[in-house]
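Engineer: The following comprises the amino acid sequence and a computationally predicted model.
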Amino acid sequence: MIHEMRDSFGGLLGDFKVGDVFKHWPGKTITESDNNLFTLLTMNHHPVHLDAVYCKEQQHGKILVVGTLVFSMVVGMTVSEISGKAIANLDYEKVTHDGPVFIGDTLRAETEILAVRESKSKSDRGIVYVETRAYNQNSDKVLTLRRHVLIPK
């Protein structure tokens, strides 16, 4: 089943079924300010993320958005449907940057439920295993990540 939006903030374990796909809304257009603030907060001052003149001579010819900013935004997009009621994000695995992201790109994301199981140690919760994919405004995949989320029943 494909879910466009949810009425509640996150779901309980029983709300997630293997094969479900959640289309996250709204998307986010990445601004120069977003990228600049993130580079300052994380102390990533590589010129490929900040210096337009330097970037003109590099592979993409323009400023490249910091990959961990893209990761953080995409995870944030999923909260309302996936982890809004979560007890914890247990791990992030297999994070791949599938394509470059530039200032002015608009990101959209979707999450597929890969597995759902009850906790082996506590009966009031379970683990949902998901894959989230992010795309730019041209439908080019730019990020893929998998994670396990601890969800109450």
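Structural biologist: In hand now; what should we look at?

Engineer: got the phi/psi numbers for Met73?
Structural biologist: With angles defined as degrees, to the nearest 10, Met73 sits at phi -60, psi -40.

Engineer: what about the helices in this structure?
Structural biologist: Per DSSP state H, the chain carries helices over the ranges 32-42, 52-56, 67-78.

Engineer: Please produce JSON lines containing the ones you listed, extended by mean neighbour count, distance to Ala115 and mean pLDDT.
Structural biologist: Where C-beta positions appear, they are placed from N, C-alpha and C, glycine not excepted. As requested, those are arranged in JSON lines below (neighbours: other CB atoms under 10 Å; distance: least, CB to CB, whole Å; pLDDT from 0 to 100):
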{"stretch": "helix 32-42", "mean neighbour count": "14", "distance to Ala115": "32", "mean pLDDT": "96"}
{"stretch": "helix 52-56", "mean neighbour count": "12", "distance to Ala115": "41", "mean pLDDT": "96"}
{"stretch": "helix 67-78", "mean neighbour count": "19", "distance to Ala115": "16", "mean pLDDT": "97"}
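
Engineer: Mind putting these into a markdown table with distance to Gly84?
Structural biologist: Shown next, in a markdown table, are those (distance: least, CB to CB, whole Å):
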| stretch | distance to Gly84 |
| --- | --- |
| helix 32-42 | 23 |
| helix 52-56 | 37 |
| helix 67-78 | 9 |
